[in-house]
Every structure is written in C-alpha cells, then in structure tokens.
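**Q** I would like to see how this sequence folds:
(2 chains)
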Amino acid sequence: MTEKSDSQLVEAAMGGDVEAFTELCKRYYPAMVAIARAILGDRHLAEDAAQETFAKASRNLLKLNELDKFAGWLTVICRNVARDIARKAGAGLHTCSLAESAGDIPAIEDKSQQNGHIEAVRSAIDKLAPEAKELIFLHYYDGMTYRQISAVLGISQEAINGRLRRAKKAIAERLRRHSKVEIEL
Amino acid sequence: MNEHKNEKWLDEIISRSVDSGKLEFDAEKWKQKYPEETKMLSELAGQGSQTSSDREQNIWRTIMKSRITKFAAAAVIVVAVMIGIKPFGESTSVLAAMTKNVEQMPWIHTVHFKGEHRAETWMSGISKITAKKWDDDRLTFVDGIEQREYLYDPSQNKIFVSSTDYWGPDPDSPIQLMRTFIHRLEATAVSINTQDRLIDGIQMEIIKGQVPKGTDSVSVELFRDIENNLLARMEVLFPDPSKNILVAYDYPETGPMTVYDMGVSSDVEIVHLVAPPELDELREKINNIRTTDREPYVAISIPCDVTQLPTSFSGERNAIIGMWQNNKSWRCDAGYYGEEKVAKLRIETLGDNVQYGVKSLIPAVSDIVGGGKTYSLIREEWGDGKVKQRSATAYRGNLCIEEVCWPRMRGTVGVPVNWKVEYVTGPHGESLILIERTQDGRIPNDKGLHVKPTRQKWFFDPARDYICQRREKSILLYADWVTNKNWLKEENNPRFKWAGRDYEEIVEVLEYAQTSSGRWYPRMLRETYLWYDDANGEASVDQTSSYNTCRKIYLEENPEFPEGIFDPDKLPQ
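**A** Residues are numbered from 1 along each chain as shown, chains lettered A, B, ... in the order given. Model prediction:
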C-alpha cells in the first residue's frame, strides 16, 4: 500500500482524523527528539519536548497554510518548545551536554581507547554551532537520509551535505588534537 | 604515535556517540497525556475540513485589511493596466519565463566577449559551482558547497585555495548580465521590436530594443530559442565599440566539478589560504541568525543627520523610508536632483530567486532584515508633475538591515584572500569577535581584471545576537597589508585610472534596541566615508572627499501607517 503523503495526512487531521495526526507524529517523532536534543542535550527532556511539540501542533493545526510544509512547520515549533523548556528552567536546569549525558548512551565497546575517542567526539559535538549539532543528531541519531532531513529543515540536500562535511571536519580536528587520531576525509 | 583512520570510522564513532537506541512514538500514551488536544482534534470533524481555497481567502482577507496593502493593490492594478497597453507587455512575461527557465538549467555554459576580451564560464545552481576561464589562462573555480574558491594563476603556476561563504552570480556573470539587460529592456527601452528567424535550424525570436544610457542609447538584442524558451545569445552594443558585449549561451548536461576538470595539471603547487577553522563555524552561526526566526516586522530608516555631503553626491539626499511587510518591500525616497524635488514609491515583491540568488535573502515573511531579489513595480513622480509608471525586475539597493546586522563576508572572486579571527575589546569594554579579510591587488594587464588591495573588518558582538557592531572597508592602492607588490610595477597602466579612487568606509552601531521577543537590532548607525584624492596614499579631508551621516532605524512590530505617507509633501525633510 502506498504511504500517504504529509499533505494527505494533514488534510485528514484537519478534518478530525486523530489517527492521521498520530501517524504524522510517528513519522516525525525521531526527528523532533533529535532537534530537541541538539538544544537540550538530555534525551528524556528531548522526548518531552517532542511530545509537547505535537500537542502544540495539534492546537494550531488549522493555522498551517501550506500543508506540504508540515515538517518544516513542526521543526520551528519544536525548536521553540525546546528553547522554552531550557529558558523556563533557567539556572535551575543545567541543560545536559552530550558529554555529560553519557548515561543515556547504550553500552559501548569496553575499550578505554574507544571510550576516549567517544568522549572526544561528544565533546566536539557539544562545541558545534546549534545548527550543525542539529544536523549531526538528525543524521546519526536515527539515521535520517539527506532527503528526509531536507524535508524537516527546509534546506537543500546539497547544503546538508556541505554542512555535515564541515561539522565532521570540526569533529575530526578535535580528535586529531585531543586523541591523536588522524582521519582522512 | 598518531592513529590513522578513515571517514567510515568517523561515521561509526559519531553514531556511537549520539545513539540512544530506537525511538518510537507511543500514540496511546500521548493521547492519555494530552486528552484535551486529542479531543480538540477529533472535534475538527464536526467543523468540516478547511479547503485550500478557504485558507487562501482567509489569508487574502487578512492581507487586504491592511491600509498599506490596499494602497499597494491599487498601485499594482494601475501599473498592470499600464503594462497591458504597452506593446512590449507580452514579451515581458515571455522574458520572465525565459529567465526562470535559464536559471533552472542544471548547467549554463557561456562564451562571453567584452570588447576584445574573451571569457568562458560554467555555472550550476544544483551543484553550486561557478567556473571561469579568462583569456590569459587564469581560472577561477568556486565550490559553493565546500565553500572553497580555487584560483589558478598560470604566471606563477600555482593554485590558490581560499575560503568563501558566498556563492552566486557576480555582476559580470552571464546570469547577471542576462538579468540586467532584460531589466533594462523592460524598464527603460524606448523602442522594441521582435522578429522570428531560423538560425542554424533553430527557430529564434529576436528581441531588439534601445535602452537609454546618459545622452546616448545602447542597443540590446536577445536571441530566444522559441521551442525551449531559452536564451541563446545576447548582444549589447555601446556607442564605444570597445565596450560591446556578446554572450553565447548553451546548456550542457554537465560541467567541471573540480579545477582540474578545467585543464589544470594535477602536479601544480597548491597554496592554501584557507580561513582558520573557527571562521566556518562563526560564519555559519551568523548566517543562521540572519535567516532563521524571521518575524513580520517593518523597519523604517531615516537619515537624521547628513553633513558634508559632497555637491557631486548623486544619491538620495533627504529622506529614505524603507519598509518591509508581508513579503513586500516598500520604499519611498525623496530627494533633490538639481532644483527638482523627486519622490519615488517602490513596491517590490521579494522574488523566489532560490537557485541563483542568495538563499538567505528569501524570507517566508518579510521582517526587519528583508532584502533580496525583487520584481518591482515602480511609480515615479517627477518635479514637473509628470508621472511615470513601469514594471521592472530589479535588485533593491540602499539600506538593508539584514546586511547591516549580519553581513555576508565575501570579496572579489579570483584574488587570493587571507582571513584572520581575533577576540578584541569593543569601545565600551564589550567582548567582540573581529573577522578580518585582506586581499592583494591583481596585476592589471590588458586582459585581466583589475582589483585594488582590499581590507575588510567585521566586529561581531556575541552578547547581542552576533550583530555587527562595526565594519570597515578600505580599498587602498599602496596598502600595507599587500603581500605581493609585483603588480605595482605596472602602475602606469591606464587601467589604474578606471579602478576608481582609494576610499575607506566605516559603518558603526551607536545605539542598540531589542524587539519584544528579545532580538537585537541597531537603533542608530553612523556611516563615515573618506575618499582619497589621489592614488598616492595621502588623504585629503576637505569637504569634497569625506562625509558622515547618522541613520536612525524605527522598528514597528504592529505597524500602522499614516494616511499620505507616500505623499512627497509629507515626507520628512
């Protein structure tokens, strides 16, 4: 069976089809978690932010004018929700950096050298510009393709490729400086 | 000893670093957590689904509520009527469609003659590549994705690799020449005729017009491939034949993907002038601030102090009001040209020049930053009471707050460039980031392009949304930052003369303000210009060679415009 397009699902949701809306949520949940995590650092907070994003989207669904831009619209909401969470918590919330949230990460090879590299990569990702960090999460967190990322971020696949390359170069540079690993890119 | 790894290894280790396992949305839990939203969604069924046309009508009604939009709509209708009765009206839409077709081609290849000089170019909007081969065998290759510029200089047999964050058509590019002369034809042609002819088996429409230029006129001739609606050839004939331009266009399936594809030997020495690594991040950050979270503001800028303006200054002298709203740019300029007062109203719709323009200048809604490619409807009222109305394709010049706040950092393509990033203290003790870009001049020979040594400095304030607190530009023949002085040996070359006088300019923010959402913008700017009388390095600071002006920016988040704002008599004096 052919998968329904975003526009078809949004149109159905606007007509009161709750299941169509939850289908959209399923489709974009990993991406929204990735985007929120790039801002918040913490996976659990990011999942909360993604759920809140869908709640906010459901309340404002009729304001969406271009149905095929649903993913981009959702992304903007998600960024705002994540920033709100960070802002509301203020000083009380120390938004967790990737390096600090190591507990979230599934078990990795029990090799001290590998762990050292992973720590260096996490630290490098933390230092990336927010938009580069967002791309890294989208691409590596849930294995989204350039095409999928392009729909979510509203930028061309060429731009995604370019930005990812630069982000990877920055990470490689940090690995070279801190872990003495030369990476041929 | 260092470990050596490849890209695959890096991909794997990044995946491991961010991986948190499979993420799945639990719809039932979400419904339980958000019962009101779930109910609200299901109740939409009772309301019936809004159709697209319903939504469009709602938007249209919202837009039409605005008084200023009604004014715009009226002006559009008036101008549309004017276009309709022009004999060239039909061709205008054909040319607009042709321009769009050309811009969307995967590759554009041209052979371009200007006077006796020849250049060959390739351009791809999809691959973000521009490449140019000059007739002295220099090559430039710009990769907009990698943000690298490669310049092959045969006299040194070296490739210079520089960083660039700009990819797009330069003023002499075939795309830009096409746009410029089509615009001139549309906007100012005094007579136009068309004829069809079979050339090399292709049915062509030849569109010919005379475009005024000073007291003379320039002849513009376009050869349009009717079947494909693509430009095949353009000829621009000036009174001085040495300025004539001829461009032949064709549209191959592919083009050069590296500088080596243009014939450079792979063993040529490479000189890296690539910017420090933090520059890429900084530029991306600044680009991002410029292009995201745009809000529907309207900015009004009025020069509040014009002093020492040289008598020869030809720009608008008194009032400039720039307003950007609902994807339209509004400008009302008033000035004195000679003894005559001139008022111009421009209503400019931001175009969708996605492929070849600068993407960052295309907002979903207009805002404090605005800017970009425009399709213009221009109404002019001259001092003699005559009214001219016309349609045109144009770029908006003048003040663009986007450029003031978060400028694109770029320079001349084809000249080696050095970049520097420093952390400095600002005039009020604030921490600023200084990005400095310097480039040597280019040896002026009879074939090559003449470029003077240029230094640009941008001071960004990280505490205020990375707004550019100050920018400086210096174009000096005998600059101290020039590393290669060989080109000065040819200072008697007549090309120095038309390279213009040396000058320096400084734009600095004197006051800041914030929008209600916390976004910073400049409240007051000071612009200072200093022209050097001669190319001997000594500045003359008399009134004819320098001036400064302050510009105040008013930002309206919920704007209402007074009646008659475009009435020349009511403009700020």
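
**Q** And chain A, split by domain according to the record?
**A** Chain A breaks down into these domains under automatic domain parsing: A:6-92, A:102-179.

**Q** touching chain B at all, the longest one?
**A** Spelled out, that is domain A:6-92. Yes - shown here: domain A:6-92 in contact with chain B (C-beta under 8 Å from any C-beta of the partner chain) through A:11, A:13-18, A:21-22, A:25-26, A:29-30, A:33, A:43, A:47, A:51, A:54-55, A:58-59, A:61-62, A:65, A:67. C-beta: built from backbone N, CA, C; applies to glycine.

**Q** From these, list the buried ones, please.
**A** Buried members of those, counted by 16 or more other C-beta atoms under 10 Å in any protein chain shown: A:11, A:13-14, A:16-18, A:21-22, A:25, A:29-30, A:33, A:43, A:47, A:51, A:54-55, A:58, A:61, A:67.

**Q** Can you say which helix or strand has the one residue in the stretch 101-250 of chain B that gets nearest to chain A in it?
**A** Going by C-beta to the nearest C-beta, chain A is nearest to residue B:145 of the stretch 101-250 of chain B, at 4.0 Å. When elements are assigned from DSSP states H and E, residue B:145 belongs to no helix and no strand.

**Q** so what's the residue nearest to it when sequence neighbours are not counted up against?
**A** Once flanking residues are discounted, residue B:145 sits nearest to residue A:162: 4.0 Å by C-beta to C-beta, 6 or more residues apart in numbering or on different chains. When contacts are counted by C-beta atoms under 8 Å, 6 or more residues apart in numbering or on different chains, residue A:162 is found next to B:128, B:144, B:145, B:146, B:147.

**Q** Check chain A for the residue nearest chain B and tell me.
**A** residue A:16 (2.5 Å).

**Q** what does the model give that residue for pLDDT?
**A** Per-residue confidence (pLDDT) for residue A:16: 87.

**Q** any chance of the contacts of residue A:162 in a markdown table, plus pLDDT and neighbour count?
**A** Putting those into a markdown table (pLDDT from 0 to 100; neighbours: other C-beta atoms under 10 Å in any protein chain shown) gives the following:
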| residue | pLDDT | neighbour count |
| --- | --- | --- |
| B:128 | 80 | 20 |
| B:144 | 79 | 21 |
| B:145 | 76 | 18 |
| B:146 | 75 | 18 |
| B:147 | 74 | 24 |
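
**Q** hmm, back to that, comparing the domains of chain A, which comes out most buried?
**A** Most buried of the domains of chain A by mean neighbour count (mean count of other C-beta atoms under 10 Å in any protein chain shown) is domain A:6-92; its value is a mean of 20.

**Q** which parts of the stretch 101-250 of chain B sit against chain A?
**A** B:126, B:127, B:128, B:144, B:145, B:146, B:147.

**Q** Measure how buried the second one is and give me the count.
**A** If you count neighbours by other C-beta atoms under 10 Å in any protein chain shown, residue B:127 ends up with 18.

**Q** possible to save the domains of chain A as TSV with distance to residue B:478?
**A** Output for those, formatted as TSV (distance: least, C-beta to C-beta, whole Å):
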stretch	distance to residue B:478
domain A:6-92	49
domain A:102-179	37
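
**Q** worst average pLDDT in the ones you listed?
**A** Lowest mean pLDDT of the domains of chain A: domain A:102-179, a mean of 74.

**Q** what's near enough to touch residue 173?
**A** Using chain A. residue B:277.

**Q** Oops, wrong one, chain B.
**A** Residue B:173 touches B:121, B:123, B:130, counting by C-beta under 8 Å, 6+ apart.

**Q** What segments of the chain are helices?
**A** Defaulting to chain A. Using DSSP state H, the helices of chain A run over residues A:6-14, A:18-40, A:43-59, A:70-89, A:112-126, A:130-141, A:146-153, A:157-179.

**Q** my bad, the chain I had in mind was chain B
**A** B:7-18, B:27-33, B:35-47, B:52-65, B:67-85, B:89-103, B:174-188, B:277-291, B:401-405.

**Q** quick one: the residue of the stretch 101-250 of chain B closest to chain A and residue B:125 touch, right?
**A** No - taking contacts as C-beta atoms under 8 Å, residue B:145 lies outside contact range of residue B:125: 11.6 Å.

**Q** which one of the helices of chain B has the lowest average pLDDT?
**A** Taking the mean pLDDT of the helices of chain B, helix B:67-85 comes last: a mean of 28.

**Q** what's the nearest residue to residue 31 if we skip its chain neighbours?
**A** In the absence of a named chain, this looks at chain A. Computed as C-beta to C-beta, 6+ apart, the closest residue to residue A:31 that is not its neighbour in sequence is residue A:152, at 5.0 Å.

**Q** my bad, chain B
**A** Excluding its sequence neighbours, the residue lying closest to residue B:31 (C-beta to C-beta, 6+ apart) is residue B:38, at 4.6 Å.

**Q** ditto for residue B:425
**A** residue B:431 (6.6 Å).

**Q** ditto for residue B:219
**A** residue B:237 (4.3 Å).

**Q** picking that back up, return the residues in contact with the residue nearest to residue B:31.
**A** A:18, A:58, B:31.

**Q** wait, isn't residue B:457 in contact with residue B:472?
**A** Yes - between residue B:457 and residue B:472 there is a contact at 4.4 Å, judged by C-beta under 8 Å.

**Q** which residues of the stretch 201-350 of chain B fall in strands?
**A** B:202-213, B:216-225, B:230-237, B:245-250, B:269-273, B:298-307, B:319-325, B:328-337, B:340-350 (DSSP state E, counting those that start in this stretch).

**Q** Which of those strands has the lowest mean pLDDT?
**A** Averaging pLDDT over each of the strands of the stretch 201-350 of chain B puts strand B:319-325 lowest, since it has a mean of 36.

**Q** Now the terminal residues of stretch B:435-455, how far apart.
**A** 11 Å (C-alpha to C-alpha, to the nearest Å).

**Q** what's the answer for stretch B:105-121, then?
**A** End-to-end distance (C-alpha to C-alpha), stretch B:105-121: 14 Å.
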